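Chemist: Just to be clear, the model below is a prediction. Sequence and coordinates:
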Amino acid sequence: MDYTEVMVRYGELSTKGKNRRDFIGRLAGNVTRVLRDFPQIEIKAKHDRLHIILNGASFKAIDQRLKLVFGIQTYSPTIKVTKELDQIEKIALSLMKENFQSGMTFKVNTRRSDHQFQYDTNQLNKLVGDYLFDHMSDLKVDVKHPDLALRLEIRKDAAYLSNQTIEGAGGMPVGTAGKAMMMLSGGIDSPVASYLAMKRGVEIQMVHFFSPPYTTQKALDKAKELTSVLAAYAGKITFIAVPFTEIQETIKEKVPEGYLMTVQRRMMLELADLLCQKRHGLAIFNGKSVGQVASQTLASMRAINDVTTTPVIRPVAALDKTEIIKLAEKIGTFELSIEPFEDCCTIFAPPHPKTQPRLNQARQFEKQLDVAGLLERALNGVQVTTILPGEKFLDHPDTEDASLL
Ligand code: ATP
Ligand code: MG
């Protein structure tokens with residue numbers, strides 16, 4: 001079908017006034033960004049809906065991307081025609097034929113904002129319905145629960161027809177909830193936490209700790225590539241790589257083994273917090289899940305969280321591993337997450353970390369370090385990049401990039 005536009009219905013838009021304008025403005029911006037390589041497309045944000053005018057671009061090509069944009073409840077590919085009955089009937093028939101399967105029920109659902117138009121909604125429902133009956137066999141009406149609803153809108157400028165309502169991603173447009181730092185490892189959990197944060201409208205910036213030469217370039221590239229998968233939900237994501245080698249080596253040398261991990265995590269959180277302040281973020285997100293491993297007992301979280309009063313939000317805290325994996329598969333990060341590149345925590349992980357670390361002890365051991373100097377040097381070494389959807393960072397032997405190696 002040659003659809004001419006896509007009609008987008010807003011999600012959870014219960015708020016009014018300024019918030020509503022912000023919601024719509026952000027959504028329009030985010031949609032524009034994910035469709036940036038279709039320069040002919042125009043986006044018109046109206047009070048009740050967003051219109052994506054295709055100007056010749058194919059609906060199929062943009063469908064996969066729209067599905068990922070948070071803040072969209074549903075959307076419908078639509079055809080605009082002149083307000084002449086025979087035009088309307090002709091397009092109605094081809095739309096129906098496109099999506100009809102034997103045995104389906106249907107109804108025509110007309111709305112009219114142009115009250116000067118020669119037919120009213122009841123007349124149009126009947127006229128178009130009769131036309132479809134005459135030109136299709138096997139058609140049954142069901143006005144309550146039709147399998148296919150042919151929507152016809154008569155507006156001032158033209159008539160608009162559609163017969164599909166596609167489920168959007170729901171949630172809130174990324175950015176409407178403000179900015180936060182996301183602690184992204186290369187594992188399964190933090191990408192899922194990232195997705196959930198974005199779903200609620202949070203603009204996340206990835207903070208990733210790497211420890212060369214203990215961690216490889218591949219481990220860093222993997223975190224970047226995970227970010228590029230997640231960028232499809234946001235349009236783009238800022239990625240901050242924080243060098244962590246000196247901190248880890250110092251901790252390893254000066255802190256008793258049972259507290260290595262707790263002190264390391266405290267330093268990570270302190271760094272995330274400093275970046276958060278510097279970049280005007282409002283919160284820190286991570287991928288901790290209660291009880292999953294030693295660093296994730298409540299006692300451990302308490303001993304780590306001690307370094308900041310900034311809200312630390314853990315979207316997957318109460319999910320089971322199997323639930324997290326299911327989400328990881330759905331959002332497209334699982335396969336990458338299970339690639340076996342060591343991250344900095346695994347390498348310095350003590351064989352027997354304390355599962356019930358004591359707050360005072362953690363503070364005490366940390367005091368033996370030049371914390372301020374360590375933090376400052378790590379911050380001086382950060383590398384900030386912007387990552388776009390679908391960017392590749394790892395070698396992909398099955399793509400043409402391999403020939404360049
Ligand atoms: P994940 O699957 O997200 O790696 P995990 O179950 O492996 O989590 P940990 O390795 O203890 O658990 O990490 C817990 C959380 O700490 C991660 O979800 C992430 O938010 C943060 N984190 C761990 N390592 C790093 C890192 N190298 N850079 C940034 N954040 C990290
Ligand atoms: Mg991990």
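Modeler: Done, it's in. Values in this document were obtained by computation on a predicted structure and should not be read as measured data. Ligands and ions are numbered 1, 2, ... in the order given.
Chemist: pLDDT at the residue nearest the centre of the chain, what is it?
Modeler: Against the mean C-alpha coordinate of the chain, by C-alpha atoms, centre = their mean, the closest residue is residue 233 at 3.0 Å. For residue 233, the model assigns a pLDDT of 93.
Chemist: and this structure, which residues reach ligand 2?
Modeler: Within the chain, the positions near ligand 2 by C-beta under 5 Å from the ion are 185, 187. Backbone N, C-alpha and C define where each C-beta goes, glycine included.
Chemist: who's in contact with the residue nearest to residue 210 when sequence neighbours are not counted?
Modeler: Excluding the flanking residues, the one nearest residue 210 by C-beta to C-beta, 6 or more residues apart in numbering is residue 220, at 4.9 Å. Contacts for residue 220 (C-beta atoms under 8 Å, 6 or more residues apart in numbering) come out as 208, 210, 241.
Chemist: which element is residue 220 on?
Modeler: Using DSSP states H and E, the secondary-structure element containing residue 220 is helix 217-230.
Chemist: number of nearby residues for residue 392?
Modeler: 12 (other C-beta atoms under 10 Å).
Chemist: Tell me if I'm right that it and residue 226 touch.
Modeler: No. Using C-beta atoms under 8 Å, residue 392 makes no contact with residue 226, being 11.9 Å away.
Chemist: re earlier: could I get the contacts of residue 220 as CSV with neighbour count?
Modeler: Formatted as CSV, those follow (neighbours: other C-beta atoms under 10 Å):
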residue, neighbour count
208, 26
210, 20
241, 18
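Chemist: so which of those are also by ligand 1?
Modeler: For ligand 1, the contacts drawn from the contacts of residue 220 by C-beta under 6 Å from any ligand atom are residue 208.
Chemist: the longest helix in the chain is where?
Modeler: If you go by DSSP state H, the chain has its longest helix at helix 257-278.
Chemist: tell me which strands and helices that helix is in contact with?
Modeler: If you count contacts as 3 or more C-beta pairs under 8 Å, 6 or more residues apart in numbering; DSSP states H and E, helix 257-278 packs onto strand 179-183, strand 203-210, strand 237-243, helix 245-254, strand 283-285, helix 298-305, helix 359-367, helix 371-380.
Chemist: mind listing what's buried in that helix?
Modeler: For helix 257-278, a neighbour-count test (16 or more other C-beta atoms under 10 Å) marks 259-276 as buried.
Chemist: now it, how far from the centre of its chain.
Modeler: The chain centre lies 26 Å from the centre of helix 257-278; the measure is C-alpha atoms, centre = their mean, to the nearest Å.
Chemist: Can you name the residue of the protein nearest ligand 2?
Modeler: Using C-beta to the ion, the closest approach of the chain to ligand 2 is made by residue 187 at 3.2 Å.
Chemist: In contact with that residue, which residues are there?
Modeler: Residue 187 touches 287, 337, 343, counting by C-beta under 8 Å, 6+ apart.
Chemist: same check, this time on residue 270
Modeler: Neighbour list for residue 270: 307, 308, 371, 375 [criterion: C-beta under 8 Å, 6+ apart].
Chemist: just to revisit the earlier point, can you report phi and psi for the residue nearest to the centre of the chain?
Modeler: As for residue 233, its main-chain torsions (degrees, to the nearest 10) stand at phi -90, psi -10.
Chemist: Contact partners for it?
Modeler: Neighbour list for residue 233: 68, 69, 70, 169, 174, 195, 198, 199, 331 [criterion: C-beta under 8 Å, 6+ apart].
Chemist: out of those residues, which are inside strands?
Modeler: Cross-referencing the contacts of residue 233 against strands under DSSP state E gives residue 169.
Chemist: Can you tell me which of the contacts of residue 233 has the most neighbours?
Modeler: With neighbours taken as other C-beta under 10 Å, the top of these is residue 198, carrying 29 neighbours.
Chemist: how about the residue in the stretch 51-200 of the chain positioned nearest to ligand 1, secondary structure?
Modeler: Among all residues of the stretch 51-200 of the chain, residue 187 sits closest to ligand 1, at 2.1 Å; criterion: C-beta to the nearest ligand atom. When classified by DSSP: H, G, I helix; E, B strand; the rest coil, residue 187 comes out as coil.
Chemist: what do you get for the one 5 residues further on?
Modeler: The three-state assignment at residue 192 reads helix, by three-state DSSP.
Chemist: Likewise for residue 118?
Modeler: coil.
Chemist: pLDDT at it, what is it?
Modeler: We have a pLDDT of 93 for residue 118.
Chemist: go on, residue 295?
Modeler: What the model reports for residue 295 is a pLDDT of 72.
Chemist: same question, residue 404
Modeler: At residue 404, the predicted lDDT confidence score is 42.
Chemist: Need phi/psi at the closest residue to ligand 1 within the stretch 251-400 of the chain.
Modeler: In the stretch 251-400 of the chain, no residue comes nearer to ligand 1 than residue 287, which is 2.4 Å away by C-beta to the nearest ligand atom. Backbone geometry at residue 287, expressed as degrees, to the nearest 10, gives phi -110, psi 30.
Chemist: now the one 3 residues further on
Modeler: Note on residue 290: its backbone torsions stand at phi -60, psi 130 [degrees, to the nearest 10].
Chemist: tell me the contacts of the nearest residue to it once chain neighbours are set aside?
Modeler: The shortest distance from residue 290 to any non-neighbouring residue, by C-beta to C-beta, 6+ apart, is to residue 317 (5.3 Å). With contact taken as C-beta under 8 Å, 6+ apart, residue 317 is in contact with 288, 289, 290.
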